[in-house]
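Novice: I would like the atomic coordinates for the input below:
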Amino acid sequence: MDSMSHSKNEEAETKEMDIRSMSSSRRYVHSARYLHKVGVPPKQNLFQEFKATVRETFFADDPLRPFKDQPRSRKFVLATQAIFPILEWGRSYSWRKFRGDLISGLTIASLCIPQDIGYAKLAYLDPQYGLYSSFVPPLIYAFMGSSRDIAIGPVAVVSLLLGTMLSDELDPVQNKPEYLRLAFTATFFAGVTQATLGFLRLGFLIEFLSHAAIVGFMGGAAVTIALQQLKGLLGIKNFTKDTDIISVMKSVWSNVEHGWNWQTIVIGVSFLSFLLFAKYIGKRNKKFFWVPAIAPLISVVLSTFFVFITHAEKQGVVIVKHIEKGINPSSVNQIYFTGEYLVKGMRIGVIAGMIALTEAAAIGRTFAAMKDYQIDGNKEMVALGTMNIVGSMTSCYIATGSFSRSAVNFMAGCETAVSNIVMSCVVFLTLEFITPLFKYTPNAILAAIIISAVAGLLDFEAAILIWKIDKFDFLACMGAFLGTVFSSVEIGLLIAVIISFAKILLQVTRPRTAILGKLPGTTVYRNIQQYPEATKVPGILIVRVDSAIYFSNSSYVRERILRWLMDEEEQVKAECQSTIQFLIIEMSPVTDIDTSGIHALEELHSSLQKKNIQLILANPGPVVIEKLHASNFANLIGDDKIFLTVADAVSSCSPKPVQEQV
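Specialist: Residues are numbered from 1 along each chain as shown. Purely as a prediction, here's the structure:
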């Protein structure tokens with residue numbers, strides 16, 4: 001009985017062990033059977049691919065969505081509102097909104113009038129042309145623009161850039177009529193450039209100038225503009241035409257003994273101190289935003305009255321003298337459409353127009369984000385382009401969004417673009433009735449106003465933040481700044497563009513790669529440098545490529561992976577661990593691949609075969625997997641070597657850990 005009982009117990013134990021073994025085996029088979037394979041997307045024909053690419057490139061915001069399923073009459077209304085947004089928001093306009101726009105419009109008008117006179121001098125134009133540019137362009141923008149807060153008019157950086165490039169072609173004193181015609185021509189082509197970019201929906205092109213480069217360029221331009229104002233602030237008559245800091249300082253110090261005018265210095269420094277103090281009050285308490293806004297006009301009134309009663313102009317104080325009375329005369333027949341200056345006007349217009357567009361886009365987005373509304377970048381470009389085209393035909397030079405005026409407009413409580421209309425109306429009244437009163441305005445006060453205005457373009461906080469975030473960005477920032485200050489505005493701009501493109505090329509040609517390890521207690525694989533606790537899998541090297549693989553970087557990616565493998569083999573040999581048998585490439589960040597990229601993978605596969613190492617791919621995206629199949633590379637390495645996740649790939653390479661986990 002005992003032996004029979006013992007035999008039955010042994011039989012039961014054997015069956016139980018078999019059942020456990022079968023259960024474990026089934027679980028493993030079940031696990032292996034349900035490993036998800038990488039799906040291949042349905043194949044698109046050439047037309048569908050081209051259509052999808054064009055749509056995402058030029059129509060990512062789906063501008064035609066409001067027109068879907070609408071009757072023809074409604075489509076006409078929507079199209080008209082798209083061109084003139086004022087017809088849409090104007091229907092809900094109220095007296096309450098008008099009060100806000102009226103106050104803000106009057107406030108920015110008090111700021112823009114003295115600034116416009118000074119900025120016109122930066123462009124080597126007569127003062128009235130600055131006022132003209134704050135009359136017609138703001139009216140056009142109010143009807144076509146989509147920003148509620150941006151204030152339109154001449155700005156310091158564009159005025160300086162335009163004046164510098166124009167004066168390189170023609171002398172603004174000896175060839176005054178031709179110089180003026182070239183300015184109108186440049187303004188016309190600046191507008192054409194801006195409107196064309198908007199119509200063709202090419203707004204993304206202005207994004208190639210990085211934020212860091214813009215910060216540096218604007219800061220350098222601010223220093224250059226301030227240095228140029230030393231002529232008016234110190235009363236120097238014989239001043240250099242060069243804009244670099246060395247030439248300017250030489251010119252300043254060479255005139256110390258006989259060139260400086262102490263009456264001019266007293267006026268300039270006194271009112272500059274007053275303007276800077278007003279700015280300080282406005283920054284300390286936002287309720288007093290109106291103090292720095294009206295301070296320039298107060299300075300102009302007081303200094304003009306002072307010069308008038310003391311006849312300081314007889315003591316060497318240079319005054320504005322005559323400002324042409326009346327609104328903008330037509331300048332259609334003054335634009336060069338033929339001749340040698342046509343190409344020069346086009347070149348200057350394109351460059352100045354792009355800079356004006358960049359500044360306006362940055363300002364519009366900044367204030368739109370503050371008020372939580374959206375602006376259409378392409379509509380903005382069309383609006384800015386149209387106003388400059390019309391402006392060139394009405395004696396205006398390039399106008400764009402002014403940051404200082406837009407900030408005042410925002411803080412004054414503007415509700416819509418009607419604030420630009422109010423400002424334009426005030427400028428109209430000024431041109432018609434008040435311009436003779438500016439006769440005795442000293443140039444020193446205009447210099448002081450410009451210096452105080454451009455001081456805000458020196459953004460030290462942004463430069464410090466750029467240094468903390470990205471050292472290469474800081475190099476771009478400083479390159480643009482130093483190029484502008486020590487050479488010229490054009491050189492600074494050129495350096496900004498070159499460094500911005502260099503950064504793009506560097507990122508494209510030298511993408512980041514990383515070695516991945518397994519986080520303890522998980523099936524998650526992460527960069528071992530970021531997560532030191534992540535452990536490498538014995539016999540397996542896992543590499544992640546953090547970029548699309550194109551002709552520009554395919555060779556580098558292949559060589560970098562082989563160098564990772566070489567380093568890993570040396571480390572394994574030194575530590576007497578198991579040799580590398582599998583190389584897994586994590587391809588989730590690889591958004592695209594071209595023929596050069598696939599050829600690089602083929603060469604990598606060939607190199608690995610010679611080392612008896614298997615190449616395995618993990619999680620290629622839809623575009624990548626489609627191209628891998630189209631090129632037959634998927635068949636070359638085998639469909640069983642392409643996995644959905646790194647964890648699946650690792651479990652396939654070493655099934656033992658998977659069994660243990662189950």
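
Novice: Under a three-state scheme, what state does Gly216 occupy?
Specialist: Classification of Gly216 using DSSP: H, G, I helix; E, B strand; the rest coil returns helix.

Novice: So it is in contact with Met478, correct?
Specialist: Yes - using Cβ atoms under 8 Å, Gly216 is in contact with Met478, at 6.1 Å. Yep, even glycine has a C-beta here, placed from its N, CA and C like the rest.

Novice: Who has more neighbours out of the two?
Specialist: Gly216 (32 against 20; other Cβ atoms under 10 Å).

Novice: and that one, how far is that from Val485?
Specialist: As judged by Cβ to Cβ, to the nearest Å, Gly216 and Val485 stand 10 Å apart.

Novice: List the residues that are in contact with both of these two.
Specialist: Gly492 (Cβ atoms under 8 Å, 6 or more residues apart in numbering).

Novice: where's Leu615, which helix or strand?
Specialist: strand 614-618 (DSSP states H and E).

Novice: Can you tell me the strand partners of that strand and which way each runs?
Specialist: Sheet pairing of strand 614-618 (DSSP bridges) gives strand 582-586 (parallel), strand 642-643 (parallel).

Novice: That one: what's the following helix or strand?
Specialist: Next in sequence after strand 614-618, counting helices and strands by DSSP H and E, comes helix 622-630.

Novice: and the next element down the chain from that following helix?
Specialist: helix 633-637.

Novice: Helix, strand, or coil at Gly401?
Specialist: Assignment for Gly401 (three-state DSSP): strand.

Novice: how far away is it from Asp69?
Specialist: 36 Å.

Novice: Is it possible to get TSV of the strands paired with strand 614-618 that adds mean neighbour count, mean pLDDT and distance to Val382?
Specialist: Output for these, formatted as TSV (neighbours: other Cβ atoms under 10 Å; pLDDT from 0 to 100; distance: least, Cβ to Cβ, whole Å):
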stretch	mean neighbour count	mean pLDDT	distance to Val382
strand 582-586	23	95	44
strand 642-643	22	93	47
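
Novice: how far away is the nearest residue to Phe199 once chain neighbours are set aside from Pro66?
Specialist: Leaving aside its sequence neighbours, Phe199 sits nearest to Val382 (Cβ to Cβ, 6 or more residues apart in numbering; 6.3 Å). For Val382, the distance to Pro66 equals 17 Å [Cβ to Cβ].

Novice: Repeat that for Ser487.
Specialist: For Ser487, the distance to Pro66 - Cβ to Cβ - is 48 Å.

Novice: Could you do Gln229 as well?
Specialist: Counting by Cβ to Cβ, the gap from Gln229 to Pro66 is 48 Å.

Novice: try Gly539
Specialist: 58 Å.

Novice: cool, and Thr264?
Specialist: From Thr264 across to Pro66, the span is 58 Å (Cβ to Cβ).

Novice: before we move on, back to that, Ser487 and Pro66 - which one has more neighbours?
Specialist: More neighbours surround Ser487 than the other of Ser487 and Pro66, with 19 against 13 (other Cβ under 10 Å).

Novice: pretty sure the more buried one is touching Asp244, no?
Specialist: Yes - shown here, Ser487 and Asp244 form a contact pair, counting by Cβ under 8 Å, at 5.6 Å.

Novice: Need the three-state assignment for the residue most central in space within the chain.
Specialist: Taking Cα atoms, centre = their mean as the criterion, Glu207 is the residue nearest the geometric centre of the chain, at 4.4 Å. Of the three states, Glu207 takes helix under three-state DSSP.

Novice: any idea which element the closest residue in space to Phe217 that isn't next to it in sequence lies in?
Specialist: In this structure, Phe217 finds its nearest non-sequential neighbour in Ala480, 4.2 Å apart by Cβ to Cβ, 6+ apart. Applying DSSP H and E as the criterion places Ala480 in helix 471-486.

Novice: hmm, who's touching that helix?
Specialist: Helix 471-486 is contacted from outside by 210-217, 219-221, 223-224, 244-246, 463, 466-467, 491-496, 499-500, 503, 506, using Cβ under 8 Å, 6+ apart.

Novice: Mark which of these are part of helices, please.
Specialist: In this view, the contacts of helix 471-486 that belong to helices under DSSP state H are 211-217, 219-221, 223-224, 245-246, 463, 466-467, 491-496, 499-500, 503, 506.

Novice: of the residues you listed, buried ones?
Specialist: 212-217, 219-221, 223-224, 245, 463, 466, 491-496, 499-500, 503 (16 or more other Cβ atoms under 10 Å).

Novice: Distance to Ile86 for the strands paired with strand 614-618 - can I get that in TSV?
Specialist: Converted to TSV, the strands paired with strand 614-618 look like this (distance: least, Cβ to Cβ, whole Å):
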stretch	distance to Ile86
strand 582-586	52
strand 642-643	56
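
Novice: For Cys112, which of those strands is the nearest?
Specialist: For the strands paired with strand 614-618, proximity to Cys112 was assessed by Cβ to Cβ; strand 582-586 is nearest, at 56.2 Å.

Novice: quick one: which helix or strand includes the nearest residue to Arg96 once chain neighbours are set aside?
Specialist: Distances taken as Cβ to Cβ, 6+ apart place Glu415 nearest to Arg96, at 8.0 Å, with adjacent residues excluded. Secondary structure from DSSP H and E places Glu415 outside every helix and strand.

Novice: got a list of what Ile515 touches?
Specialist: Per Cβ under 8 Å, 6+ apart, neighbours of Ile515: Asn527, Ile528, Gln529, Lys536, Leu541, Ile542, Val543, Arg544, Trp564, Glu568.

Novice: picking that back up, could you export the host helix or strand of the residue nearest to Phe199 as CSV, CA atoms only?
Specialist: For Val382, the element it lies in under DSSP H and E is helix 377-392. Listed in CSV are the C-alpha atoms of helix 377-392, where the atom choice follows Å, rounded to 0.1, in the frame of the first residue of the first chain:
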residue,chain,number,x,y,z
GLY,A,377,0.7,85.8,-39.7
ASN,A,378,0.0,85.8,-43.4
LYS,A,379,-2.8,88.3,-43.1
GLU,A,380,-0.4,90.5,-41.1
MET,A,381,2.2,90.4,-43.9
VAL,A,382,-0.4,91.3,-46.5
ALA,A,383,-1.6,94.2,-44.4
LEU,A,384,1.9,95.5,-43.7
GLY,A,385,2.8,95.1,-47.4
THR,A,386,-0.3,96.9,-48.6
MET,A,387,0.2,99.8,-46.3
ASN,A,388,3.8,100.2,-47.4
ILE,A,389,2.9,100.0,-51.1
VAL,A,390,0.2,102.6,-50.6
GLY,A,391,2.6,104.6,-48.4
SER,A,392,5.3,104.7,-51.0
